[in-house]
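# Sequence first, predicted model second:
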Number of protein chains: 2
Amino acid sequence: MNASPTPMPGRPVRGSTTGRSLMAALDLFGRRWTLRIIWELGNEPLGFRLLQRRCDGMSSSVLQQRLRELQEARLAEVLRDGNYTLTPLGHDARESLGPVIEWSRRWAAELADAPSTAAEGAATASATGSDSGPRAGHLRFLARNHRTGDHGP
Amino acid sequence: MNASPTPMPGRPVRGSTTGRSLMAALDLFGRRWTLRIIWELGNEPLGFRLLQRRCDGMSSSVLQQRLRELQEARLAEVLRDGNYTLTPLGHDARESLGPVIEWSRRWAAELADAPSTAAEGAATASATGSDSGPRAGHLRFLARNHRTGDHGP
DNA sequence: AAGGGGTGCTTCGAATTCCGAAGCACTGCC
DNA sequence: GGCAGTGCTTCGGAATTCGAAGCACCCCTT
């Protein structure tokens, strides 16, 4: 598969020709699964397959690609026993995601307070369309959720 | 373009069949440009074109799609004058990104301390490949950066 | 009136990213 | 030997993103 450049400060990234660190971070974190991997590796070091399973059976090729990027960006590294783990910088990043996690709880609570209005407003047409259901491919993917209980705080 | 369902708590999302709020948030934020839009709208309400320019000329079709999703997820709304703005919940999300921003600075500082080692290690081959330069399409895209100074703290 | 510049979006085909199945090499156990 | 697990790789297809062009509308100038 292709390997688009890993977003890193100082490099041109999507959103900044000068590689401004904030934009590099937003670009890095805006790649599918990156946040999730950081999250899971923050719990404990994991091997490739176990990490894949913790990420709900995500595609191995993308996982490999993301691990490469995270290593290049110095957020992750491989231990002698072959497990992947976060670097101190990576753990720092995960800590910084803590308020986001807290926010997601407030988000859920907010939507639970007004569930019938969540799909109203300017996005009504889009919401109706998206409620037609996930694609069959998604369903098959999600049915492969091996964990009955998600890890997390 | 296709409209995959907007990740929201309680809905099946990539990474969780039960729509666990953390996973919904990670899925939502893991879409290209979402974090950036939240960031830019946190500064001030913006019209569509101006917001597009603030996001370095990102594709209008994706911007429109993201705005729909953010509205559906109750993070953004349209004002009477047509400008887009974050809801209180959206501003809350942006605040929660503050520590991530601080982290990105530490990230840049860390990499600046050891720039020659950033591309070494297990990801050497990948880094070499990615250093071949962004695709020509990226260069053309980045050359359209209209802002000389990025907004931000 | 026409023309030009701006606005908010939409459409469409191309490019890129992600996906999932299959595969390979290796290890350890029975 | 077979089987199950490991860490990855490959490949073609699906999904997402992209960017150019377009449309309708508005406002201002000539």
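Great, that's in hand. Residues are numbered from 1 along each chain as shown, chains lettered A, B, ... in the order given.
# Strands of chain A, start to end?
A:76-78, A:84-86 (DSSP state E).
# Mean pLDDT for the ones you listed - can I get that in a markdown table?
Formatted as a markdown table, the strands of chain A follow (pLDDT from 0 to 100):
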| stretch | mean pLDDT |
| --- | --- |
| strand A:76-78 | 95 |
| strand A:84-86 | 96 |
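# Take those and lay them out in JSON lines including mean neighbour count.
Bear in mind the C-beta positions are built from the backbone N, C-alpha and C, glycine included. Converted to JSON lines, these look like this (neighbours: other C-beta atoms under 10 Å in any protein chain shown):
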{"stretch": "strand A:76-78", "mean neighbour count": "20"}
{"stretch": "strand A:84-86", "mean neighbour count": "20"}
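# Contacts only, for the residue of chain A found nearest DNA strand D.
Nearest residue of chain A to DNA strand D, counting by C-beta to the nearest atom of the strand: A:Gly47, 2.2 Å away. Neighbouring residues of A:Gly47 by C-beta atoms under 8 Å, 6 or more residues apart in numbering or on different chains: A:Gly82, A:Asn83, A:Tyr84.
# Now cross-check those residues against DNA strand D and list the overlap.
A:Gly82, A:Asn83 (C-beta under 7 Å from any atom of the strand).
# so which of the strands of chain A gets nearest DNA strand C?
Judged by C-beta to the nearest atom of the strand, the one of the strands of chain A that comes nearest to DNA strand C is strand A:76-78, at 16.1 Å.
# anything in that closest one sitting right up against DNA strand D?
Yes: with C-beta under 7 Å from any atom of the strand as the criterion, DNA strand D is reached by strand A:76-78 at A:Val78.
# Pairing partners for that strand, with directions?
Paired neighbours of strand A:76-78 in the sheet (DSSP bridges): strand A:84-86 (antiparallel).
# Mind pulling up the pLDDT for the closest residue to A:Ile37 other than its chain neighbours?
Leaving aside its chain neighbours, A:Ile37 sits nearest to A:Arg66 (5.6 Å; criterion: C-beta to C-beta, 6 or more residues apart in numbering or on different chains). Per-residue confidence (pLDDT) for A:Arg66: 96.
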